[in-house]
Structures are given as structure tokens and as C-alpha cells.
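Trainee: Below are the sequence and a predicted model for it; my questions follow.
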Amino acid sequence: MTPFTTLTSVAVPLLRDNVDTDAIIPSREMKSTGRTGLADGLFAPWRYTDAVARTPDPDFPLNQTQAKGAQILLGGANFGCGSSREHAVWALVEYGIRCVIAESFAPIFRGNCIRNGILPVTLDRAVVDCLGWQTLDVDLTAQTVTAQGKAHAFTIEEEPRQMLLEGLDAIALTLKSLPEIDAWTKADRAQRPWIYAGKAA
């Protein structure tokens, strides 16, 4: 997973509430079992006037000229609601999105973002509404989003912050504690040897 420290990008506004995972990546667009091959289907119901022919809707924000290469997406309340579909985050990652800034997130979607290298930032709606099409500086270390010289603070728990900063998935994060795990196991084996009967040391 690519570490996330700082990011500078134009922010594309998709300021709709309750954007669900089926809108982010419809089930009919999930044609692979892996994490790739999903970017074309991202927001297919809204991004195309004809999803089969892939005819772009010129009014959809991601199809705007200024959205080319953008890595920040703005959303409304309850972004990523609906199912627990991790493909929604995989589609965003493959498209190039590294940060979603919204008023609030569905909890499972937020967790999927963190596990896949996308920083979910929660800011007041009044702030989010003013950030569209601006170039933003997102700093995870300082926990700020800066627009036109004004910094907006956000909070994130220490464990997700560490995962993103170091590019760690849940397994890699656990393995960082391997010395402590080994030490505990050794001490426990000495205190309760019968638990480990027949197991290699």
C-alpha cells in the first residue's frame, strides 16, 4: 500500500448526500474478482449517459476538464453508505483518488478506505461546500486541509493514521508488534506449558 503523508490536488465536488456503494461501483460493473478493472465502472450511473457505450455525461464533475488527474473527491453526508462493498474503494483507488473529504462517512466504507490507502477526512459541511475546484494541500502528519492559505483541522485515530502514514495493511500493522507477541507467547508457555503440549516451541 502506498504511504499517505501529504497530497496536493484539485478537489472535485460531488456534494451529494447518501452516495451509496452501488452508485460508486454498480454490481454489474464488478466483472473481476480482483482489485483492478474497476475504474471504468466508477460512478457509472452518473458518469455516463450510456454506461454500456461509455458515453461521458459532460455535466458530471469527474468529466470536467479541471478534474483531469484530480486525487481528491468531495462528498456530502453519509458518503459510502449501503453495502459493505470494498470494490467501491478499489474503484476509487484504481481511478486515482487518494483522499475523500466529506461531512460524514458510512463506518464500513471509512474503514475500507483506510485499509486501502485512501484518507477519509471529515470536515464541517460549510467548509466542504467551499472547497470545490480549489487546489488543496492535505497533510496527514499535521492533520490539516489547506485551501487558499487557510488551514482546516481534522482528526483521525492514531492507528488508522499510522496505517496510512506507513502504508500498512492490518496484517502488516499487527506484524510490527511481533516482538511483543513473541515475548508474551514465551512467558505464557512458561506459565502454562500444558496449553502448548505437542506444539513446536
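Mentor: It's in.

Trainee: Enumerate the beta-bridge partners assigned to the nearest residue to Gly82 once chain neighbours are set aside.
Mentor: Counting by C-beta to C-beta, 6 or more residues apart in numbering, the nearest residue to Gly82 once its immediate chain neighbours are dropped is Asp20, at 3.2 Å. In short, each C-beta sits where N, CA and C put it, glycine included. Using DSSP bridges, the bridge partners assigned to Asp20 are Cys81.

Trainee: My guess is Asp169 contacts Met163. True?
Mentor: Yes - assessed by C-beta atoms under 8 Å, Asp169 is found in contact with Met163 at 7.3 Å.

Trainee: any low-confidence regions in the chain?
Mentor: For the chain, the stretches with pLDDT under 70 are 201.

Trainee: biggest strand in it, by residue count?
Mentor: For the chain, the strand reaching the highest residue count under DSSP state E is reported as strand 6-13.

Trainee: roughly how far is the lengthiest helix in the chain from the heart of the chain?
Mentor: Longest helix in the chain, counting residues (DSSP state H): helix 178-191. Taking the mean C-alpha point of helix 178-191 and that of its whole chain, the gap between them comes to 35 Å (C-alpha atoms, centre = their mean, to the nearest Å).

Trainee: Check which helices and strands the helix or strand harbouring Leu165 is in contact with.
Mentor: Assigning secondary structure by DSSP states H and E places Leu165 in helix 158-166. Applying 3 or more C-beta pairs under 8 Å, 6 or more residues apart in numbering; DSSP states H and E, one finds that helix 158-166 contacts helix 107-115, helix 170-175.

Trainee: Fine by me, we can end here.
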